[in-house]
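Novice: Here's my sequence, what's the structure:
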Amino acid sequence: MTTAVAGGHEAHDDHGPAKGLKRWLYATNHKDIGTMYLIFSLLMFFVGGAMALVVRSELMQPGLQFVHPEFFNQMTTMHALIMVFGAVMPAFVGLANWMIPMMIGAPDMALPRMNNWSFWILPVAFGLLLSTLFMPGGAPAGGWTMYPPLILQTGDAFPFLIFSVHLMGLSSIMGAINVIVTILNMRAPGMTLLKMPMFVWTWLITAYLLIAVMPVLAGAVTMLLTDQFFGTSFFLAAGGGDPVLFQHIFWFFGHPEVYIMILPAFGVVSEIIPTFSRKPLFGYDSMVYAASSIAFLSFIVWAHHMFTVGMPLSGQLFFMFATMLIAVPTGVKVFNWIATMWRGAMTFETPMLFALAFVFLFTIGGFSGLMLAIAPADVQYHDTYFVVAHFHYVLVPGSIFAIMAAGYYWLPKWTGNMYNETLGKWHFWLSTIFVNLTFFPMHFLGLAGMPRRIPDYGTQFADFNFWASIGAMGFGFSQILFVIVVWQCVRGGEKATDKVWERPIGLEWTLPSPAPYHSFTTPPNLEAKEAKA
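Specialist: Here you go, the predicted model:
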């Protein structure tokens, strides 16, 4: 509400639109909340990335260079927790907030005040987590998996770690509830479930996964807490408990969590590839069923992380075959993306480049995952750098490249301005070259037997580690380009049109989108069309 006052100015009463800090603190608008999620995610991406650079700096040469071994393990632990819960997941929630209401024709998210709360919990959670770096004994150093009994030796930081994990889980569950209620109740008339965009579908599936597994993590860390402070022995062998029980509970959460971080990426790529191929998505229904199958199978493969704990042969066989089965719906998705591009009128703007890199490099991560699924071979790979290479290929050129692709793809819609295409392509090529330089050598390190989470190593591993560290530095610093591109785009620039990606493709004409199927041997007769018009 505004009221006119002398001098022609307007005075805002208490019911008027919030300005400045209040606008963001009390935000209920899905776009404002989406923006806050994305900015927070980017900030955490750089914080977690700085910790990764500490790790890679130490590993650049054999011997101890810069940090104490205990601090080295604190960095690996914090890097993982921040990247998973602080960078990747909030980024996808930010994309969901921004795009789902617009994609389904809803005015906003269904539960806007809960939406606000689910965001503002996150800075508190990560403030608590980062504060552990300044506590006696330092931050947790037991790995992001928090395995007992190692994690129980954390000291003063331990309860803060547990509380921050609870807050992260609470935020995720509320965000998921919001997504489900919005999608199921607020679709535009006529939009049936099988007419929804793929991004909306993948997020609907992801939201159900979040609600199913975050309470499992909460239970596991609460049991850790009671073991430490309340005299229970869930995981303490001396009191009759079983440390392996924690692994079962954690990975029952942890494996669906991996798909929570990749399913929205599948949705993003399924939006981008059809746009820049000027064709509809190939096999839409099969993509929906494949995503649903992946979500279901993710619940029955958790113990493939545990082939070395001494499980019976029947257990090893079940988890081995169930894991291999996930390759089938994943293969369907990769096939459909390639079929979408086949004979399309492709152009290679920055979002498409990131999407193509996603398809290729995520597939490499999938193949190394199949290798790890083979139980007798996994005994050799387990806890080596081969595993590090595998999950980083899935998460960096997988999840993070998809988030960047989404950023470039939707920035014109969000800001009304075009981003700097030249800088965007520089960002893409530097990121792609350096991400492969970082993680591909780790396959060889792992196959040669280099264990994870160690600050020192034998000289036979020196060369590959040197190049991996160079790649990590290059990848980290090239992300500054992304910040520059986003900043410039937000501040201004060439105005985006209402059909922003409908561009010439090198011929003297522009295709409608989606394009009709043809061979592109002869351009359409534009003069004849104009004469008819």
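Novice: how about residue 407, what does it touch?
Specialist: Applying Cβ atoms under 8 Å, 6 or more residues apart in numbering to residue 407 gives the contacts 38, 482, 486. C-beta coordinates here come from the backbone N, C-alpha and C atoms, glycine included.
Novice: Of these, just say which sits nearest to residue 362.
Specialist: Nearest to residue 362 among the contacts of residue 407: residue 482, at 19.5 Å, using Cβ to Cβ.
Novice: Distance of that closest one relative to residue 379?
Specialist: 40 Å (Cβ to Cβ, to the nearest Å).
Novice: quick one on the thing from earlier: and which of the contacts of residue 407 is nearest residue 434?
Specialist: residue 482 (13.0 Å).
Novice: In contact with that closest one, which residues?
Specialist: Residue 482 touches 404, 407, 427, counting by Cβ under 8 Å, 6+ apart.
Novice: In a markdown table: the contacts of residue 407, plus pLDDT and secondary structure.
Specialist: Output for the contacts of residue 407, formatted as a markdown table (pLDDT from 0 to 100; DSSP: H, G, I helix; E, B strand; the rest coil):
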| residue | pLDDT | secondary structure |
| --- | --- | --- |
| 38 | 97 | helix |
| 482 | 96 | helix |
| 486 | 96 | helix |
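Novice: how about the closest residue to residue 191 other than its chain neighbours, what does it touch?
Specialist: The shortest distance from residue 191 to any non-neighbouring residue, by Cβ to Cβ, 6 or more residues apart in numbering, is to residue 104 (6.1 Å). Contact partners of residue 104, counting by Cβ under 8 Å, 6+ apart, are 182, 183, 186, 187, 188, 191, 196, 200.
Novice: Phi first, then psi, for residue 139.
Specialist: When read as degrees, to the nearest 10, the backbone of residue 139 gives phi -70, psi 170.
Novice: which residues touch it?
Specialist: By Cβ under 8 Å, 6+ apart, the neighbours of residue 139 are 74, 77, 78, 132, 133, 154, 157.
Novice: what about the second one, distance to residue 221?
Specialist: Right, residue 77. Taken as Cβ to Cβ, the span from residue 77 to residue 221 is 14 Å.
Novice: neighbour-wise, which of the two wins?
Specialist: residue 77 (24 against 21; other Cβ atoms under 10 Å).
Novice: hang on, that one packs against residue 143?
Specialist: Yes - with contacts counted by Cβ atoms under 8 Å, residue 77 reaches residue 143, the gap being 5.6 Å.
Novice: residue ranges for the strands of the protein, please.
Specialist: Secondary structure of the chain (DSSP state E): strands at 2-4, 10-12.
Novice: Dihedrals phi and psi, the closest residue to residue 274 other than its chain neighbours?
Specialist: Using Cβ to Cβ, 6+ apart and skipping residues adjacent in sequence, the residue nearest residue 274 is residue 281, 4.7 Å away. For residue 281, the backbone dihedrals are phi -60, psi 130 (criterion: degrees, to the nearest 10).
Novice: Kindly report the same for residue 346.
Specialist: Dihedral pair for residue 346: phi -80, psi 140, per degrees, to the nearest 10.
Novice: Chain neighbours aside, what residue packs nearest to it?
Specialist: residue 277 (5.3 Å).
Novice: tell me the contacts of the spatially closest residue to residue 241 that is not a sequence neighbour?
Specialist: Once flanking residues are discounted, residue 241 sits nearest to residue 233: 4.1 Å by Cβ to Cβ, 6+ apart. Applying Cβ under 8 Å, 6+ apart to residue 233 gives the contacts 227, 239, 240, 241.
Novice: For those residues, pick the one with the most neighbours.
Specialist: Highest neighbour count within those: residue 227, with 21 neighbours (other Cβ under 10 Å).
Novice: Would you quantify the distance from it to residue 250?
Specialist: Plainly put, residue 227 is 14 Å away from residue 250 if you go by Cβ to Cβ.
Novice: try residue 419
Specialist: Going from residue 419 to residue 250 by Cβ to Cβ gives 40 Å.
Novice: Give the burial count for the residue nearest to residue 346, as a bare number.
Specialist: Residue 277: 24 surrounding residues under other Cβ under 10 Å.
Novice: hang on, it packs against residue 338?
Specialist: No - under the criterion of Cβ under 8 Å, residue 277 makes no contact with residue 338, lying 10.2 Å away.
Novice: Tell me, what's the model's pLDDT at residue 155?
Specialist: What the model reports for residue 155 is a pLDDT of 83.
Novice: Just the CA coordinates for stretch 270-286, please, in PDB.
Specialist: C-alpha atoms of stretch 270-286 as PDB (Å, rounded to 0.1, in the frame of the first residue of the first chain):
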ATOM      1  CA  SER A 270      16.400 -32.800 -20.600                       C
ATOM      2  CA  GLU A 271      15.300 -29.200 -21.000                       C
ATOM      3  CA  ILE A 272      18.500 -27.900 -22.600                       C
ATOM      4  CA  ILE A 273      19.300 -30.500 -25.200                       C
ATOM      5  CA  PRO A 274      15.900 -30.300 -27.000                       C
ATOM      6  CA  THR A 275      16.100 -26.500 -27.100                       C
ATOM      7  CA  PHE A 276      19.500 -26.400 -28.800                       C
ATOM      8  CA  SER A 277      18.600 -29.400 -31.000                       C
ATOM      9  CA  ARG A 278      15.400 -27.700 -32.100                       C
ATOM     10  CA  LYS A 279      13.500 -30.900 -31.600                       C
ATOM     11  CA  PRO A 280      11.200 -32.300 -28.900                       C
ATOM     12  CA  LEU A 281      12.700 -34.600 -26.300                       C
ATOM     13  CA  PHE A 282      13.000 -38.100 -27.700                       C
ATOM     14  CA  GLY A 283      11.000 -40.700 -25.700                       C
ATOM     15  CA  TYR A 284       9.500 -38.400 -23.000                       C
ATOM     16  CA  ASP A 285       7.400 -41.200 -21.400                       C
ATOM     17  CA  SER A 286      10.400 -43.500 -21.200                       C
END
